[in-house]
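# when you get a sec, could you give me coordinates for this:
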Amino acid sequence: MSRYSSPIGIFDSGVGGLSVLRAIRQQLPGESLLYLADQAHVPYGPRPLEEVRFFSEAITRFLLSQGARLVVVACNAASAAALHYLRQTFPEVPFVGMEPAVKPAAERTQSGVVGVLATPATFQGALYASVVERFAQDVTLLQHTCPGLVAQIEAGRLDAPETRRILEGALLPMLDRGIDTVVLGCTHYPFVIPLIQDIVGPGVRVIDPAPAVARQVGRVLDAIGQLASTEDLKSFQEPLRSPTRFYTSGDPSALAALLPLLIGESAPVTPLVWDPDLHLSALT
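Just a heads-up that it's a prediction; the model follows:
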């Protein structure tokens, strides 16, 4: 039976989670997807953890109302602030969140010095502290919050001079201290990997967590018997791709304009509004 009537829900504060959506599409082309960008509140990184939890709960309720059978918290800040809370609040719903890829970085580094780029909420969260405690005791971690970088990416300025300035401010001091690996702890940041690689050079590995998250989505769906099969693709012409619906609490035309740049396609975007009780609903 086709799973298209029961999609995967994906959310982020903005366009960053599209890097995760892109990876899920590549690995699980038989899945239909819902993507919600809470651009009315982007970025989540500097916000209080309690506020991010509140937004995440309301967004999850909206995605479930649209039939989502699994929710991907495609935002490091929201995962740090809300993933445990969401699993407690919605025990019947499978969730997949973001975890800073400190473990693979610690396992692969030769210099013993790893750079981590993430937002304040990620660094302040218990999830990051737990990962560091478990896997990075013998590694030097150099952290930077890259102020302003999310806004540059939200505006589509992926290789602008200001974007380079922000990244050089974070990465050049790390290079001076001997990093050989950079962990991207924000889902927005994979969209500037070409610029990061240009700054750090070929001797530094850049770890994008999105492919690992997509693999985890597949494992979770398979474990609960909900993974779409190749049979679900038969009604589609080349290229084999499942339906995707896009929502934003911000400007739908702005998000629609960014889709070709970030994921290589054009698609309609449905506007959402936060009502006075801070519930999400679609504009009609």
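
# and the average pLDDT for the helix or strand containing Ile153 is what?
Element membership for Ile153, per DSSP states H and E: helix 149-154. Averaging pLDDT along helix 149-154 yields 96.

# right, and the helix or strand after it?
Next along the chain after helix 149-154, taking DSSP H and E as the criterion, comes helix 161-176.

# that next one - contacts with which helices or strands?
Judged by 3 or more CB pairs under 8 Å, 6 or more residues apart in numbering; DSSP states H and E, helix 161-176 is in contact with strand 113-118, strand 140-144, helix 149-154, helix 193-200. The C-beta positions use only the backbone N, C-alpha and C, and glycine is treated the same way.

# deepest-packed of those, please.
Most buried of the helices and strands packed on helix 161-176 by mean neighbour count (mean count of other CB atoms under 10 Å) is strand 113-118; its value is a mean of 25.

# what is the mean pLDDT for the helix or strand just after that strand?
With elements assigned by DSSP H and E, the helix or strand that comes after strand 113-118 is helix 120-124. Across helix 120-124, pLDDT averages out at 88.

# what residues sit buried inside the helix or strand following helix 120-124?
For helix 120-124, the following helix or strand on the C-terminal side (DSSP H and E) is helix 126-135. By 16 or more other CB atoms under 10 Å, the buried positions in helix 126-135 come out as 127-128, 131-132, 135.

# tell me what Gly9 is bridged to.
On the basis of DSSP bridges, Gly9 takes part in beta bridges with Leu34, Val71.

# was I right about it contacting Val73?
No. With contact defined as CB atoms under 8 Å, Gly9 does not reach Val73; the gap is 9.6 Å.

# from the chain's centre, how far out does the helix or strand of the chain with the lowest mean pLDDT sit?
Within the chain, judged by mean pLDDT, DSSP states H and E, the helix or strand with the poorest mean is helix 120-124; its value is a mean of 88. Relative to the centre of its chain, helix 120-124 is centred 15 Å away, using CA atoms, centre = their mean, to the nearest Å.

# show me the helices in the stretch 1-150 of the chain, by range?
Here the stretch 1-150 of the chain has its helices, by DSSP state H, counting those that start in this stretch, at 18-27, 49-65, 76-89, 102-108, 120-124, 126-135, 149-154.

# can you add distance to Gln197 and give those back as a markdown table?
A markdown table is the format used below for the helices of the stretch 1-150 of the chain (distance: least, CB to CB, whole Å):
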| stretch | distance to Gln197 |
| --- | --- |
| helix 18-27 | 15 |
| helix 49-65 | 30 |
| helix 76-89 | 20 |
| helix 102-108 | 16 |
| helix 120-124 | 22 |
| helix 126-135 | 24 |
| helix 149-154 | 15 |
